[in-house]
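Engineer: dropping the sequence and predicted coords here.
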Amino acid sequence: MTPRMPLESGSDWVLLGRGKSSEVFRIGGGAVVKIFHDAVSEEMIEREMTAAMMAASLGLPTAAPSTRVEVDDKRALIYPEISGPSVAHAIRKKPLSAASLLRDMAGVLHGVHAQSVSGLRTVKSVLQTDIDYGPAPETLKRAAKHYLVRLPEGSQLLHGDFHIDNILVNDGGLVILDWAKAAIGAPAADAVRSEMLMRFGEGPNDVITNAWRDWAARQLGRAYRKESGVTPDQLTLWRPIVALAWLRARPPVRNAAFTRYLDDALRGAGLPVFS
């Protein structure tokens with residue numbers, strides 16, 4: 001466990017964002033503090049530190065934490081402040097920039113996947129655990145386990161949570177945030193998860209937005225395949241397992257559409273359907 005330095009919270013701190021796992025405050029001096037909720041595991045915090053520092057050392061566009069601290073008895077990390085809006089905010093402000101930003105995201109994701117690393121958990125172990133603790137029937141879990149064993153191994157760096165709210169637009173370039181779900185493995189698994197996050201992750205759930213989200217996922221996927229050389233067949237191999245694993249903790253967004261997506265992927269792999 002990394003030692004924690006005590007840090008007293010300040011009345012002049014500015015809340016920049018609040019999520020399911022943490023709150024982020026600007027604390028001055030070109031720094032921000034990310035304060036984790038009590039329910040967040042120590043393993044996840046340590047993994048975020050390790051993966052972010054690893055990514056930064058490899059020259060990827062990201063910010064590495066500088067210090068592990070404790071704020072009012074809560075675990076936290078100090079990061080350099082990166083100015084700029086998220087890709088999601090940038091697209092809302094300038095919708096016509098969407099295609100260009102999604103292409104840039106695909107290039108950044110390929111840059112992550114080009115790195116061969118060690119020292120992190122494997123994506124296969126993550127998927128197996130999520131399936132084991134998820135809501136699928138036991139017959140489907142057993143079939144999925146046998147299927148997962150046969151999928152290709154990999155040693156590439158995977159982000160695990162690559163979506164438009166975790167990427168900042170900074171001076172014309174993109175910066176990756178939040179490495180808490182990082183792993184190593186086959187890039188196609190990470191690309192499929194990014195596709196799902198785009199289509200079925202947190203966000204509005206109206207007809208127009210859903211149509212845009214499906215379009216954006218296609219744009220990102222097409223650009224990523226062009227950049228990386230990953231084929232549609234490689235993505236198809238991973239889609240049923242990645243989708244099934246996501247049942248453990250996915251947000252209740254577009255449930256009917258996601259169930260169709262999952263069942264189509266399972267059926268295509270010769271696995272029992274979920275619904």
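Structural biologist: Looks like it came in fine. Residues are numbered from 1 along each chain as shown.
Engineer: now do the contacts for the closest residue to residue 194 other than its chain neighbours.
Structural biologist: Leaving aside its sequence neighbours, residue 194 sits nearest to residue 162 (Cβ to Cβ, 6 or more residues apart in numbering; 4.5 Å). Bear in mind the C-beta positions are built from the backbone N, C-alpha and C, glycine included. Residues near residue 162 by Cβ atoms under 8 Å, 6 or more residues apart in numbering: 105, 109, 112, 176, 190, 193, 194, 197.
Engineer: keep only those of the residues you listed that are in helices.
Structural biologist: Residues of the contacts of residue 162 located in helices (DSSP state H): 105, 109, 112, 190, 193, 194, 197.
Engineer: would you confirm that the first one contacts residue 176?
Structural biologist: If I follow you right, that is residue 105. No - the criterion here is Cβ atoms under 8 Å, and residue 105 misses it with residue 176 at 9.5 Å.
Engineer: count the neighbours of the nearest residue to residue 271 once chain neighbours are set aside for me.
Structural biologist: Of all residues not flanking residue 271 in the chain, residue 143 sits nearest, at 5.1 Å (Cβ to Cβ, 6+ apart). Counted with other Cβ atoms under 10 Å, the neighbours of residue 143 add up to 19.
Engineer: kindly report the same for residue 25.
Structural biologist: Here the number of neighbours of residue 25 (other Cβ under 10 Å) works out to 21.
Engineer: repeat that for the one 5 residues further on.
Structural biologist: Around residue 30 there are 10 other residues, counting by other Cβ under 10 Å.
Engineer: so for the closest residue in space to it that isn't next to it in sequence, what's the pLDDT?
Structural biologist: Leaving aside its chain neighbours, residue 30 sits nearest to residue 81 (5.4 Å; criterion: Cβ to Cβ, 6+ apart). Per-residue pLDDT puts residue 81 at 94.
Engineer: residues near residue 81, how many?
Structural biologist: By other Cβ under 10 Å, the residues close to residue 81 number 14.
Engineer: how about residue 269?
Structural biologist: For residue 269, the count of nearby residues is 17 (other Cβ under 10 Å).
Engineer: check the one 3 residues further on too.
Structural biologist: When counting by other Cβ under 10 Å, one arrives at 15 neighbours for residue 272.
Engineer: surely residue 165 meets residue 88?
Structural biologist: Yes - Residue 165 is in contact with residue 88 according to Cβ under 8 Å; the separation is 4.9 Å.
Engineer: so residue 92 sits in a helix?
Structural biologist: Yes - counting by DSSP: H, G, I helix; E, B strand; the rest coil, residue 92 is part of a helix.
Engineer: now the strands for the stretch 51-200 of the chain?
Structural biologist: All strands of the stretch 51-200 of the chain, identified by DSSP state E, counting those that start in this stretch, fall at 67-71, 74-80, 156-158, 167-170, 173-176, 183-185.
Engineer: out of those strands, deepest packed?
Structural biologist: Across the strands of the stretch 51-200 of the chain, averaging neighbours per residue (mean count of other Cβ atoms under 10 Å) puts strand 156-158 on top, at a mean of 25.
Engineer: brilliant, that's me finished.
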